[in-house]
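*Asks:* Mind folding the following:
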Amino acid sequence: MVGQELQSPATEAMVEVRDLTIRYGTEAVLRNVSLEVREHEIFGIIGPAGSGKTSFLRVLNRMDQMTTGMSWDGDVTFAGRDIRKVRNLYGLRSRVGVVFPLPVGLPLTVYNNVALSPRLRGIRNRQQLDEIVERCLRRAALWDEVKDRLDSLGSLLSGGQQQRLTIARALSQEPDLLLLDEFSIAVDPVTTMRIEDVLKELKKEITIVLVTNLVQQARRLADRTAFFLTGDCIEVRPTEEMFEAPDRDQRTREYVEGRFG
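*Replies:* The predicted structure is shown next:
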């Protein structure tokens, strides 16, 4: 059932993908994927390295425009709009936040890392900026640790703090969709669990797509999960079914049981 989603009760989709194929040059890294991401869910994507997971995220945020040799075919809509027809890519990306595997700190203070996006939207009032910075840092479970260091460089924070700062910066965009690409790869287990708690709360407000090589992380967080393997979407299921259903694809069963990957 490559690229097809199991039938389930209909809810409004934030992202709809139909027959998506992604190429680098002439090589297809993802083939004929069809799925949807629903509002206010955490949608997990699991699979070994090289399965096309990160490339999938690049399409959702139109990062293909910045990736040499990358092209794609198919239909992708975000909030009901065909993303190919979006002329204002900045406007699209302001609604789609991205957190990469390693913290990508700007050479700015903690405060200015978070205040940058609001300023780009035209917000200049200091009190309003203060409120946004505090709110985003609190939502990223970082405020109590940095409230007395707002004027220090973000690059001086620990790795886990920098990753949470990256999340706070993404949240300052006020996105409708948050894309997380292996957010915990450089974060200690305690901080990882703190961020996971944050994500569970955030899904009440926004939709989250979580790419992870940690299958148990997907099991803890995701409402539904897709399994990608060597460029194919093997299946999409409610997460507990992905781990427990007796009619799972054999490749899915072997992957979630740790037999390969």
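*Asks:* Lowest mean pLDDT among the helices and strands of the chain, which one is it?
*Replies:* helix 89-95 (a mean of 84; mean pLDDT, DSSP states H and E).
*Asks:* Show me how far that one is from its chain's centre.
*Replies:* 15 Å (Cα atoms, centre = their mean, to the nearest Å).
*Asks:* which residues in the stretch 1-150 of the chain form strands?
*Replies:* Taking DSSP state E, counting those that start in this stretch to define them, one finds strands in the stretch 1-150 of the chain at 13-24, 27-38, 42-46, 70-78, 81-82, 96-99.
*Asks:* so what does the first one touch, helix or strand wise?
*Replies:* Here strand 13-24 is seen to pack against strand 27-38, helix 53-60, strand 70-78, strand 207-211 when contacts are counted using 3 or more Cβ pairs under 8 Å, 6 or more residues apart in numbering; DSSP states H and E. (Each C-beta comes from the backbone N, C-alpha and C, glycine too.)
*Asks:* just to revisit the earlier point, looking at the strands of the stretch 1-150 of the chain, which is closest to residue 196?
*Replies:* strand 42-46 (9.8 Å; Cβ to Cβ).
*Asks:* and that closest one, C-alpha only, in CSV?
*Replies:* C-alpha atoms of strand 42-46 as CSV (Å, rounded to 0.1, in the frame of the first residue of the first chain):
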residue,chain,number,x,y,z
ILE,A,42,1.5,15.5,15.8
PHE,A,43,2.2,13.6,12.6
GLY,A,44,5.3,11.4,12.9
ILE,A,45,7.5,10.3,10.0
ILE,A,46,9.9,7.4,10.8
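*Asks:* name the element residue 190 belongs to?
*Replies:* Secondary structure from DSSP states H and E places residue 190 in helix 189-202.
*Asks:* Identify all contacting residues around that helix.
*Replies:* 42, 139-141, 160-161, 163-164, 167, 171, 178, 180, 183-184, 187, 208, 210, 217, 220-221 (Cβ atoms under 8 Å, 6 or more residues apart in numbering).
*Asks:* Which ones among those residues map onto strands?
*Replies:* 42, 178, 180, 208, 210 (DSSP state E).
*Asks:* Tell me how far the last one lies from residue 172.
*Replies:* Taking Cβ to Cβ, to the nearest Å as the criterion, residue 210 is separated from residue 172 by 20 Å.
*Asks:* ditto for the third one
*Replies:* Residue 180 sits at a distance of 16 Å from residue 172 (criterion: Cβ to Cβ).
*Asks:* circling back to that earlier point, could you dump the helices and strands packed on strand 13-24 into a markdown table and include distance to residue 97?
*Replies:* Listed next are the helices and strands packed on strand 13-24 as a markdown table, based on distance: least, Cβ to Cβ, whole Å:
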| stretch | distance to residue 97 |
| --- | --- |
| strand 27-38 | 14 |
| helix 53-60 | 11 |
| strand 70-78 | 13 |
| strand 207-211 | 10 |
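*Asks:* Tell me which of these is the most buried.
*Replies:* Ranked by mean neighbour count, the helices and strands packed on strand 13-24 are led by strand 207-211 with a mean of 24 (mean count of other Cβ atoms under 10 Å).
*Asks:* Just checking: what are the partner strands of it?
*Replies:* strand 42-46 (parallel), strand 177-181 (parallel) (DSSP bridges).
*Asks:* For burial, what's the neighbour tally of residue 124?
*Replies:* For residue 124, the count of nearby residues is 8 (other Cβ atoms under 10 Å).
*Asks:* How about residue 13?
*Replies:* 17.
*Asks:* Quick check: the gap between the residue nearest the centre of the chain and residue 40.
*Replies:* Nearest to the geometric centre of the chain sits residue 179, at 1.7 Å (Cα atoms, centre = their mean). Using Cβ to Cβ, residue 179 is found at 15 Å from residue 40.
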